[in-house]
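Asks: got a structure for you, letters missing:
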């Protein structure tokens, strides 16, 4: 018999605690693994850490507040503050870069759209079209068709940039904001594994539906 995998059930069991919160556990062999080893200030996240967090948060709808459960021994209060700062630094800069990308996308969309309109308006200048067509030894109708296609290509490129590419940037920005606002929890490995021996997961239908709506 073929096995059927219920992705929604898996994600709900793996992350969702209740109707408001989702928890991403991250187990560290050593607290230094949380940081980028090439950063002498120790204030940036390790690539492995943020790639893992990004991959997990991609599956969690924005309506949930994220908890990052750091499981590691020998973590002091100073370590906790440092980890929280590194997390905020990473996702704060990511949101800043997303805002720059959105501005650049808007600028590019405007330029491409204007170029398209200019090319389309060029069609109304009949004498100019005839002159240019004659110069390139192209008939007026053929040249008009080339100009029309070129103009609409610019306009469609502007629409694609506005509707699809910008939307992806905004979605990524929202994910980064969700992570920037995440709450960090800290447990020792013994505390974590004892707590998770007999987990009973919620399978509320409303929670399941939230994953299909995103």
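Replies: Arrived safely, thanks for sending. The shown structure was predicted, so the numbers you read here are calculated from the model rather than taken from an experiment.

Asks: Spatially central residue for this protein, please.
Replies: residue 172 (2.0 Å; Cα atoms, centre = their mean).

Asks: mind checking the SS state of that residue?
Replies: With DSSP: H, G, I helix; E, B strand; the rest coil as the basis, residue 172 sits in helix.

Asks: for residue 43, same thing?
Replies: Reduced to three states by three-state DSSP, residue 43 is coil.

Asks: just use 789 as the starting number from now, easier for me
Replies: Okay, using 789 as the starting number, the last item reads as residue 831.

Asks: any idea how far it is from residue 878?
Replies: Note on residue 831: its distance to residue 878, by Cβ to Cβ, to the nearest Å, is 9 Å. Bear in mind the C-beta positions are built from the backbone N, C-alpha and C, glycine included.

Asks: just residue 803 next, same as before
Replies: With distances taken as Cβ to Cβ, residue 803 is found 20 Å from residue 878.

Asks: Return, as residue ranges, the portions of the protein with sub-threshold pLDDT.
Replies: Along the chain, segments meeting pLDDT under 70 span 789-790, 911-931, 985-996, 999-1002.

Asks: Just the helices from it, written as ranges.
Replies: Shown for the chain, the helices assigned by DSSP state H span residues 795-803, 835-845, 865-910, 914-923, 928-948, 954-968, 977-983, 993-1001.

Asks: Take these and lay them out in CSV including distance to residue 852.
Replies: Listed next are the helices of the chain as CSV, based on distance: least, Cβ to Cβ, whole Å:
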stretch, distance to residue 852
helix 795-803, 8
helix 835-845, 10
helix 865-910, 16
helix 914-923, 58
helix 928-948, 31
helix 954-968, 8
helix 977-983, 20
helix 993-1001, 8
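
Asks: Any figure for the gap between the residue lying closest to residue 854 once chain neighbours are set aside and residue 852?
Replies: Setting aside the residues directly before and after it, residue 854 is nearest to residue 970 in space (Cβ to Cβ, 6 or more residues apart in numbering), at 4.1 Å. Per Cβ to Cβ, residue 970 is found 10 Å from residue 852.

Asks: Which of residue 831 and residue 878 has more residues huddled nearby?
Replies: Neighbours were counted for residue 831 and for residue 878 using other Cβ atoms under 10 Å; residue 878 has more, 21 against 14.

Asks: tally of neighbours for the closest residue to that one other than its chain neighbours?
Replies: In this structure, residue 878 finds its nearest non-sequential neighbour in residue 833, 4.5 Å apart by Cβ to Cβ, 6+ apart. Neighbour count of residue 833, defined by other Cβ under 10 Å: 20.
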